[in-house]
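Visitor: Quick one, structure for this:
(one chain, ligands or ions: 1)
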Amino acid sequence: MGKKLINQKKKKNNKNRITPKNLIVIGISLTVISLIMYGGINSLKSSNGNFLLSPARNFFMKATYLPTEGYAYTGQSTGTAKILNSGAGSNRFGHGPPITLNQGNTLSLHLINEDSETHSKHNINIDEFDVHSKDLGYFQSQTVTFTANKTGTFDYYCSIHPEMTGKIIVKSHAEAYK
Ligand SMILES: [Cu+2]
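Guide: Purely as a prediction, here's the structure:
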């Protein structure tokens, strides 16, 4: 008889598991999850296209100031950047590194301002692909994502420093698979 009572009590406790406190925890968890998903979906948005069905390629660049040469974009070496830069030759990790893409590729361009010399602001723009980052302060970074839906050679540039430029070369399918 005593045992049965204890069992009933246990059952009752289990039923009452969803307390207001638990509801708050569940609510916060769902909010966090949906914020993460929102961020994830947004990062898949291209500046000039639709949602991406395949992951974007990555290219990492720094905006710096070199006392002897002035303001410059420099490439950061990564596995993917190497592939994208194949054929770029000696300029691979130099200033304003050329970025080579095939038509239809989507690129996520990551720019960080590492201008520790002057703490000047820097940005990146590619007019033809509707890419315009915000002005980044020292050690701020931004990722811009675009789809190479035009072929040819295009400029990327910093609107604050005219000397900061580089080329984006988009090859057509015919060129790419020659
Ligand atoms: Cu700049």
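Visitor: Contact residues of the protein facing the ion?
Guide: Where proximity means Cβ under 5 Å from the ion, the interface of the chain facing the ion comprises 122, 158, 160-161, 164. Backbone N, C-alpha and C define where each C-beta goes, glycine included.
Visitor: number of nearby residues for the nearest residue to residue 112 once chain neighbours are set aside?
Guide: Setting aside the residues directly before and after it, residue 112 is nearest to residue 141 in space (Cβ to Cβ, 6 or more residues apart in numbering), at 3.9 Å. Counted with other Cβ atoms under 10 Å, the burial measure for residue 141 works out to 15 neighbours.
Visitor: returning to that earlier point: check the residues of the chain next to the ion and tell me the two furthest apart.
Guide: Within the residues of the chain next to the ion, 160 and 164 form the most distant pair, 7.9 Å apart (Cβ to Cβ).
Visitor: out of those two, which sits in the busier spot?
Guide: Relative neighbour count places residue 164 above the other of residue 160 and residue 164, with 21 against 13, counting by other Cβ under 10 Å.
Visitor: buried set for the top helix by length along the chain?
Guide: Among all segments of the chain classified by DSSP state H, the helix with the greatest residue count is helix 20-43. Buried positions in helix 20-43, judged by neighbour count with 16 or more other Cβ atoms under 10 Å: none.
Visitor: Ok, stretch 102-120 next?
Guide: For stretch 102-120, burial by neighbour count (16+ other Cβ under 10 Å) applies to 102-103, 105-115, 120.
Visitor: Name the residues contacting each of residue 160 and residue 164.
Guide: By Cβ atoms under 8 Å, 6 or more residues apart in numbering, residue 160 and residue 164 have these common neighbours: residue 122.
Visitor: and the nearest residue to residue 115 once chain neighbours are set aside, what element?
Guide: The spatially closest residue to residue 115, leaving aside those adjacent along the chain, is residue 65, at 4.7 Å (Cβ to Cβ, 6+ apart). Under the assignment given by DSSP states H and E, the secondary-structure element containing residue 65 is strand 57-66.
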